[in-house]
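[1] Give me a model of this one.
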Amino acid sequence: MNYPLELSFKLLALASQIYIRDANGGMIGYVKQKMFKLKEDINIFTDDTQSQLLFNIKADRVLDFSAKYNFTDAAGNRTGSIRRKGMRSIWRANYEIYNAADQQVMKINEENGWIKVVDSLIGEIPIVGMFTGYLFNPSYIVSRIDDTQVARLQKQPAFFEGKFQLSPLGQMSPDEEARVLLSALSMTLLERSRG
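    A predicted model of the protein is given here:
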């Protein structure tokens with residue numbers, strides 16, 4: 001992949017749609033989240049014509065704080081999953097990434113938990129709360145189980161739009177790249193109400 005990747009979505013859209021672009025601005029993916037589903041069901045296509053499915057992300061249970069989100073490719077083969085790390089994610093976002101054999105291979109940790117706290121407090125103030133998306137920009141580190149950092153997902157300043165940048169911090173295999181991107185997409189959708 002041609003890094004850094006940019007993930008962008010409109011905050012006021014009814015159904016979440018994320019555009020994935022490479023460093024040259026070329027679209028490499030389009031995410032469409034199905035509306036009114038009790039279980040999350042997210043499709044990733046090659047572009048916004050939605051003609052070619054690349055991956056699907058589906059929750060394993062109905063609206064649960066620690067649901068597991070399973071990744072499958074276009075043929076329906078399981079490629080991995082991500083799970084929010086329960087109560088630890090209240091203070092600071094923590095996620096576990098699993099491979100196709102359901103073994104934890106990576107994790108995502110928010111770099112600074114105070115940004116989440118300040119964003120939540122200031123976001124409740126009328127008028128001032130509209131500017132939190134520009135002022136408070138959390139970042140997340142993706143690392144292997146041995147704490148080797150492989151990527152950083154950072155929120156970019158933006159009004160009325162969510163923009164994230166995914167940058168590599170180390171070498172990744174093609175399978176790891178796909179798993180990191182799918183995990184970043186899942187986490188972005190789950191954490192989109194912040195910042």
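[2] Lowest mean pLDDT among the helices and strands of the protein, which one is it?
    Here the helix or strand of the chain ranked lowest by mean pLDDT, DSSP states H and E is helix 88-91, holding a mean of 54.
[3] Give me the contacts around whichever helix in the chain runs longest.
    Longest helix of the chain, by residue count under DSSP state H: helix 174-191. Outside of helix 174-191, the residues within contact range by Cβ atoms under 8 Å, 6 or more residues apart in numbering are 1, 5, 7, 9, 16, 18, 20, 29, 31, 33, 40, 42, 44, 55, 57, 69, 71, 79-80, 82, 84, 93, 95, 97, 99, 105-106, 108, 138, 140, 142, 150-151, 153, 162, 164, 166, 172. C-beta here means a position set from N, CA and C on the backbone, and glycine is covered the same way.
[4] which parts of that helix are buried?
    Buried residues in helix 174-191, counting neighbours by 16 or more other Cβ atoms under 10 Å, are found at 176-191.
[5] then that helix to PDB, C-alphas only?
    Taking Å, rounded to 0.1, in the frame of the first residue of the first chain, the C-alpha atoms of helix 174-191 are listed here in PDB:
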ATOM      1  CA  PRO A 174       0.300  -8.200   3.300                       C
ATOM      2  CA  ASP A 175      -1.900 -10.100   5.700                       C
ATOM      3  CA  GLU A 176      -0.900  -7.800   8.600                       C
ATOM      4  CA  GLU A 177      -1.500  -4.800   6.400                       C
ATOM      5  CA  ALA A 178      -5.100  -5.900   5.600                       C
ATOM      6  CA  ARG A 179      -5.800  -6.800   9.200                       C
ATOM      7  CA  VAL A 180      -4.400  -3.400  10.400                       C
ATOM      8  CA  LEU A 181      -6.600  -1.500   7.900                       C
ATOM      9  CA  LEU A 182      -9.700  -3.500   8.700                       C
ATOM     10  CA  SER A 183      -9.100  -3.000  12.500                       C
ATOM     11  CA  ALA A 184      -8.500   0.800  11.900                       C
ATOM     12  CA  LEU A 185     -11.800   1.000  10.000                       C
ATOM     13  CA  SER A 186     -13.700  -0.900  12.700                       C
ATOM     14  CA  MET A 187     -12.200   1.200  15.500                       C
ATOM     15  CA  THR A 188     -12.800   4.400  13.600                       C
ATOM     16  CA  LEU A 189     -16.500   3.500  13.300                       C
ATOM     17  CA  LEU A 190     -16.700   2.600  16.900                       C
ATOM     18  CA  GLU A 191     -14.900   5.700  18.100                       C
END
